[in-house]
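>>> next comes the sequence, and after it the predicted model I'd like to discuss.
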Amino acid sequence: MKVTSFLDNLNPQQQEALLCCKGPLLVLAGAGSGKTRVITYKYAYLIKNKKMPPNSILTVTFTNKAADEMKFRIRDILKMDCASTWIGTFHSQCSRILRKEIKALGYSPDFCIYDDEDQNTLIRQILKEFKMYEALYKGVASRISYLKACLISPEEFLTSGDSYGFDERLARIYRRYQEELKKANALDFDDLISLTVRLFKENEKILQKYQDTFSYILVDEFQDTNIAQYTLLKMLAERDRNICVVGDDDQSIYKFRGANVGNIPRFEEDFPERKIVKLEKNYRSTQNILDVSGAVISRNVNRKEKRLWTDRGAGEKVYYALLANEVDEARYIAKTIKDLFLKGRYQFKDFAILYRLNILTRPLEEALRSEGIPYKVVGGISFYQRKEIKDILAYMKLAVNNNDNVSLRRIINVPQRGIGQATMSKIEHEAKKKGISLFEALKVIARSDSVVSATKENLIEFMKLIEELATLREGRAEEMLRFILNATGYGEGLEEERIQNIEELVSSAEDYPVRTFLDRISLYTNLDDMPEGDAVSLMTIHIAKGLEFPVVFIIGLEEGILPYFKVAETPEDLSEERRLFYVGMTRAKDLLFLTTVRQRRLYSRLQQQEPSRFIKDIPRDYCHLIEKIRDSEVRPKCKEAVVAEVPYPAGCRVRHPKWGIGVVRDCYGEGDDKKIMVNFPSVGIKRLAVKFANLERLG
DNA sequence: CGAATTGAGTTTTTT
DNA sequence: ACTCAATTCG
């Protein structure tokens, strides 16, 4: 493919993003603006035109799916094998670096990777030992994860006083947790990033080596990076300053996992010579959908102003339906889908139903079933997190890394082999006394006479099993898996479905060596299973990010649900909820349906619902209002939400004492808080409080 | 050691 | 209402 043909397929802004190959570049890519295309083409352009070797471009994504898709496209464009390229997730790239360099940090390169479940198990065990309420583990886990994402070590946290919500108990648990990880020669997901940062901080030579290796850095979904990830990028890019980050602050919806939108302004400060390119042409939605979603998101403060446009035309108005309860809501949606399907314009797979909370699927599934509409709930427990899969893999992990205490605990009595709590306590005690791993301690106990002979035999048998497995660790994964299944009898008496899962695991091992296989699945936490066949998709808005559908329904647009009542406390949280709504709306290509109910049964409680505050930010003119509530039940409040009187309708002109005449873009808020957005030719778009602005309306 | 009962807590989840 | 998990009993 010639350079010119890359350019032919891009609009002027996209071309600009592609051609800027020297120095730092920030690409603000609106929803549906062809971001992936730009990144992929840019990568190809750097190789073809700038003659960069493929291995000198570090490309970072957040999901394996995004990385795989990119590799697929590159393979297609350049006819190039992408197996050894540096295209991958933050975590896989860091793991690759650490496997090579981690000795410099005193870990063994055989380290295993703990997923969230392993992490939780370990934390719970520590809580138990500290005699703390175990149910706290979720909060503890997320706070530890947050600290790690901010590169705060236990020591730093201990001396941090009041910052970072200091809590003495948390500090002790955190410190102990890190010690246990180190003992087990295990890294959790956050460690993969933070230890790579530490590696570079403490070893100038190693950092230089990777700075030399990477002559260009490309980052996708930059708005989702956390502090640790940003620091990593900054260290690598600091010297040569050839880095391109692509993101959209309006689509930052993972704050709760440590993502920090502040990294966008931070990037601008750290790389003051950066160029900025905005991608505002949208290739996905109708203008109506863009206007409605744009009106909602424009209420957020401190965002990078973007005005998405399309040449697709206005399209149909957005449908906003007000319904009596969740059963009506579900029926309304099912019926609408059926109607549209029967008209022949859409297939079932063209529809997506999006929601804030998983719990909202229940009535939906019922209604869809009764209309005979095929559907698939996307998300939920992923393949590799199933119990049977994790059990089998725990054997494998323990064989490769005998120090993996969490895996040992997991399988020592699974399937049952008569090693119970009493015996386990003895092993724990021994391990603690001698400062050795549980497996070493188990060997000691097995040789001693401190347990009854039956138990002793059981221990010896388990020990032999693991040692035998260990001899297979240089071999093929499939072989080891078969051995595990035979030797343990795992699967005997199991449900058919679980046995099938195990079979699938074995066949997915293909020809991989044991270690490669383990690494792969430790970092591939979900098999990106988009629904096959013709079925309506049900998923959370979070999961829908990055996807698109011709027809989108967003349900449960009520106070307490979106925005969710537990997060809607700070303005930041509220902004994120608004972004979530925005992400949901911008998934739609042709038709967008929004629903609110008056009454909803939630956690067995019947609740009166108020329409989401975001609804009133939708300009009335862009909406079909559909009310399916029997007249006697209509509460005026619901109606007001959408029909709220606007003294300054969009498009009308006003005179400001200082800035002269401007065109009203928008007016929102209530009473004294009523705000107005006006475009003045002299000063641009201004946001004003109606009460103080002293405006004069002109016609 | 395993089964049954009681009790608490209910978001979102790329890796 | 329902799930998941810890504690208690056999």
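Cool, got the structure.
>>> in the stretch 451-600 of chain A, what residue lies closest to DNA strand C?
Distance from DNA strand C to each residue of the stretch 451-600 of chain A (Cβ to the nearest atom of the strand) is smallest for A:R600, at 13.1 Å. (Glycine included, C-beta is placed from N, CA and C.)
>>> my bad, the stretch 151-300 of chain A
Residue of the stretch 151-300 of chain A nearest DNA strand C, by Cβ to the nearest atom of the strand: A:I173 (15.7 Å).
>>> I'd like the next helix or strand past the helix or strand hosting the residue of the stretch 451-600 of chain A closest to DNA strand C.
Using DSSP states H and E, A:R600 maps to strand A:588-602. Downstream of strand A:588-602, the next assigned helix or strand under DSSP H and E is strand A:605-608.
>>> sorry, back to before: partners of the strand holding A:R600, with directions?
strand A:318-325 (parallel), strand A:549-554 (parallel), strand A:605-608 (antiparallel) (DSSP bridges).
>>> quick one: buried residues of that strand?
A:588-600, A:602 (16 or more other Cβ atoms under 10 Å).
>>> can you put the residues you listed in a markdown table and add pLDDT and distance to A:G247?
Formatted as a markdown table, the buried residues of strand A:588-602 follow (pLDDT from 0 to 100; distance: Cβ to Cβ, whole Å):
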| residue | pLDDT | distance to A:G247 |
| --- | --- | --- |
| A:A588 | 97 | 21 |
| A:K589 | 97 | 22 |
| A:D590 | 97 | 26 |
| A:L591 | 96 | 28 |
| A:L592 | 97 | 24 |
| A:F593 | 97 | 28 |
| A:L594 | 96 | 26 |
| A:T595 | 95 | 30 |
| A:T596 | 95 | 31 |
| A:V597 | 94 | 35 |
| A:R598 | 92 | 38 |
| A:Q599 | 91 | 40 |
| A:R600 | 92 | 35 |
| A:L602 | 87 | 34 |
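>>> contacts only, for the residue of the stretch 451-600 of chain A closest to DNA strand C.
By Cβ atoms under 8 Å, 6 or more residues apart in numbering, the contact set of A:R600 is A:N325, A:E326, A:G556, A:E558, A:I561, A:L606, A:Q607, A:Q609.
>>> which of the strands paired with strand A:588-602 sits most buried?
Ranked by mean neighbour count, the strands paired with strand A:588-602 are led by strand A:549-554 with a mean of 24 (mean count of other Cβ atoms under 10 Å).
>>> tell me the mean pLDDT for it?
Averaged across strand A:549-554, pLDDT comes to 97.
>>> CA atoms of the following helix or strand past it as CSV?
Remark: after strand A:549-554, the chain's next helix or strand is helix A:571-585, criterion DSSP H and E. In CSV, the C-alpha atoms belonging to helix A:571-585 read as follows (Å, rounded to 0.1, in the frame of the first residue of the first chain):
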residue,chain,number,x,y,z
PRO,A,571,-19.3,16.8,41.2
GLU,A,572,-16.6,14.6,39.8
ASP,A,573,-18.7,11.5,40.3
LEU,A,574,-21.7,13.2,38.8
SER,A,575,-19.6,14.2,35.7
GLU,A,576,-18.6,10.6,35.3
GLU,A,577,-22.2,9.5,35.4
ARG,A,578,-23.0,12.0,32.8
ARG,A,579,-20.1,10.7,30.6
LEU,A,580,-21.5,7.3,31.1
PHE,A,581,-24.8,8.4,29.7
TYR,A,582,-23.0,10.1,26.9
VAL,A,583,-21.0,7.0,26.0
GLY,A,584,-24.3,5.0,25.9
MET,A,585,-26.0,7.5,23.6
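>>> pretty sure A:E388 is in contact with A:E503, am I right?
No - assessed by Cβ atoms under 8 Å, A:E388 is found out of contact with A:E503, at 10.6 Å.
>>> ok, these two, which is more surrounded?
A:E388 (19 against 12; other Cβ atoms under 10 Å).
>>> please name the nearest non-neighbouring residue to whatever residue of chain A ends up closest to DNA strand B.
DNA strand B sits closest to A:G420 of chain A, with a gap of 1.0 Å, by Cβ to the nearest atom of the strand. Nearest non-adjacent residue to A:G420, counting by Cβ to Cβ, 6 or more residues apart in numbering: A:N413, 6.7 Å away.
>>> surely the one you found touches A:I419?
Yes - using Cβ under 8 Å, A:N413 is in contact with A:I419, at 5.0 Å.
>>> just want to know which of those two has more residues nearby.
A:I419 (19 against 16).
>>> so that one sits in a helix?
No - under DSSP: H, G, I helix; E, B strand; the rest coil, A:I419 falls outside any helix and is assigned coil.
>>> how near is it to A:F462?
Note on A:I419: its distance to A:F462, by Cβ to Cβ, to the nearest Å, is 7 Å.
>>> for A:E430, same thing?
Separation of A:E430 from A:F462 (Cβ to Cβ): 15 Å.
>>> pick out whichever of those two has more residues nearby.
A:F462 (22 against 19).
>>> and after the helix or strand containing the more buried one, which helix or strand comes next?
Here A:F462 sits within helix A:453-470, counting by DSSP H and E. Once the chain leaves helix A:453-470, the next helix or strand it forms, by DSSP H and E, is helix A:477-488.
>>> that next one: how far from the chain's middle?
For helix A:477-488, the separation from the chain centroid amounts to 33 Å (computed by Cα atoms, centre = their mean, to the nearest Å).
>>> with stretch A:177-186 instead?
When distances are taken as Cα atoms, centre = their mean, stretch A:177-186 is centred 26 Å away from the chain's centroid.
>>> buried set for it?
For stretch A:177-186, a neighbour-count test (16+ other Cβ under 10 Å) marks A:Y177, A:Q178, A:E180, A:L181, A:K182, A:K183, A:A184, A:N185, A:A186 as buried.
>>> tell me which of these fall in strands.
Among these, the ones falling in strands (DSSP state E) are A:A186.
>>> tell me which two in the buried residues of stretch A:177-186 are the farthest apart.
Longest distance between any two of the buried residues of stretch A:177-186 is 14.5 Å, between A:Y177 and A:N185; criterion Cβ to Cβ.
>>> surely the residue of the stretch 151-300 of chain A closest to DNA strand C and A:K128 touch.
No - the pair A:I173 / A:K128 is not scored as a contact, 11.2 Å apart, by Cβ under 8 Å.
>>> and those two? which has more neighbours close in?
More neighbours surround A:I173 than the other of A:I173 and A:K128, with 24 against 12 (other Cβ under 10 Å).
>>> neighbours of the residue in chain A that DNA strand C sits nearest to, how many?
Closest to DNA strand C within chain A is A:S604: 3.5 Å, counting by Cβ to the nearest atom of the strand. If you count neighbours by other Cβ under 10 Å, A:S604 ends up with 5.
>>> tell me which parts of the stretch 51-200 of chain A are close to DNA strand B?
Residues of the stretch 51-200 of chain A lying near DNA strand B by Cβ under 7 Å from any atom of the strand: A:F62, A:T63, A:N64, A:K65, A:T89, A:H91, A:S92, A:D116, A:A135, A:K138, A:F189.
>>> and the spatially most central residue of chain A, what does it touch?
Central residue check for chain A by Cα atoms, centre = their mean: the C-alpha nearest the mean position is that of A:Y254, 6.1 Å away. For A:Y254, the contacting residues are A:D224, A:H542, by Cβ under 8 Å, 6+ apart.
>>> do the one 4 residues further on as well
Counting by Cβ under 8 Å, 6+ apart, A:G258 makes contact with A:S145, A:Y146, A:A149, A:C150, A:N226, A:I227.
>>> between those, which has the most around it?
Using other Cβ under 10 Å as the neighbour test, the contacts of A:G258 are led by A:N226, with 25 neighbours.
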